[in-house]
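J.: Give me a 3D structure for the following:
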Amino acid sequence: MKALVLYDSLGGNTSKVAQRIHRTLQEADWVDSHLIKVEKVTELDFYEYDLLFLGSPVIAWGPTNAMRDLVMGRLRAYHGDRIRPSAPLRPGKFGVSFCTYSGTHIGVAEAIPLTKWFSSFLGHIGCQILDEWHIPGEFHGQEEANVAGRLGDIRGRPNEADLAEVENRVKGLLAGLDAWLKKT
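T.: Have a look, this model is predicted:
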């Protein structure tokens with residue numbers, strides 16, 4: 001199975017999560033994982049991968065500009081050629097949306113629109129959506145926001161406990177996929 005962890009990161013939070021996802025995928029001998037930061041992308045064909053992870057920090061309920069531009073560019077490029085009416089599932093194609101967020105005002109509600117946006121794109125290209133992950137991250141540059149928001153003290157997040165949870169989610173996802181693939 002060929003996997004892609006495509007992400008953007010501004011302060012390093014999303015990079016930590018993406019790297020943990022990638023490292024965990026690499027531990028599975030049946031997964032060929034590729035880690036790409038969106039700024040380094042010149043050409044990318046999502047259809048070359050079986051398992052896609054798309055991640056970004058939450059910026060005003062959405063992804064970074066670079067991630068938005070890449071996803072929208074691919075969506076336009078695939079329309080008419082690969083994206084079909086009713087967006088039928090492509091067998092063996094899976095997707096996970098993830099983000100880091102500080103939730104300084106309304107908590108996880110700030111993050112959900114982003115993962116839904118990623119999942120909508122993945123659904124359009126025929127992926128079965130496996131999950132959407134929202135990982136708290138430190139708000140860089142505004143110390144008061146790190147202790148005064150609805151999430152409480154988020155300094156230093158994602159911390160090792162958050163990353164261990166991400167690793168466990170990836171391992172669980174892979175166990176389910178492995179069992180499913182062996183049945184088909």
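J.: going forward, measure contacts and count neighbours with C-alpha atoms only.
T.: OK.
J.: Near residue 72, how many other residues are there?
T.: With neighbours defined by other Cα atoms under 10 Å, the count for residue 72 comes to 13.
J.: residue boundaries of the helices in the protein?
T.: When assigned using DSSP state H, the helices of the chain occupy the ranges 13-27, 65-78, 112-124, 145-148, 160-183.
J.: buried stuff in the shortest one?
T.: This means helix 145-148. Residues of helix 145-148 classed as buried under the neighbour-count rule (16 or more other Cα atoms under 10 Å) are 145, 146, 147.
J.: got it, and stretch 170-182?
T.: Buried residues in stretch 170-182, counted by 16+ other Cα under 10 Å: 170, 171, 174, 177.
J.: Same check on stretch 96-113?
T.: Burial within stretch 96-113, assessed by neighbour count using 16+ other Cα under 10 Å, is assigned to 96-104, 107-108, 110-113.
J.: ok so, going back, looking at the helices of the chain, which has the lowest confidence?
T.: Averaged per stretch, pLDDT over the helices of the chain is lowest on helix 145-148, reaching a mean of 84.
J.: Please state the offset of it from the chain centre?
T.: Distance of helix 145-148 from its chain centroid, counting by Cα atoms, centre = their mean, to the nearest Å, is 25 Å.
J.: go on, stretch 160-180?
T.: In terms of Cα atoms, centre = their mean, the centre of stretch 160-180 is set 14 Å apart from its chain centre.
J.: and for that stretch, what are the contacting residues?
T.: 16, 17, 20, 21, 24, 25, 130, 135, 136 (Cα atoms under 8 Å, 6 or more residues apart in numbering).
J.: Leaving out sequence neighbours, find the closest residue to the second one.
T.: Take residue 17 and drop its neighbours on the chain: the residue closest to it by Cα to Cα, 6 or more residues apart in numbering is residue 163, 6.4 Å away.
J.: give the contact list for residue 121.
T.: Residues in contact with residue 121, defined by Cα under 8 Å, 6+ apart, are 71, 75.
J.: how far away is it from residue 66?
T.: The spacing between residue 121 and residue 66, counted by Cα to Cα, to the nearest Å, is 15 Å.
J.: likewise residue 140?
T.: Going from residue 140 to residue 66 by Cα to Cα gives 19 Å.
J.: Check residue 10 too.
T.: For residue 10, the distance to residue 66 under the criterion Cα to Cα works out to 11 Å.
J.: So those two - more neighbours on which side?
T.: Summary of the neighbour comparison: residue 10 and residue 66, criterion other Cα under 10 Å, with residue 66 having more neighbours (17 against 12).
J.: thought the more buried one was touching residue 40?
T.: No. Assessed by Cα atoms under 8 Å, residue 66 is found out of contact with residue 40, at 10.2 Å.
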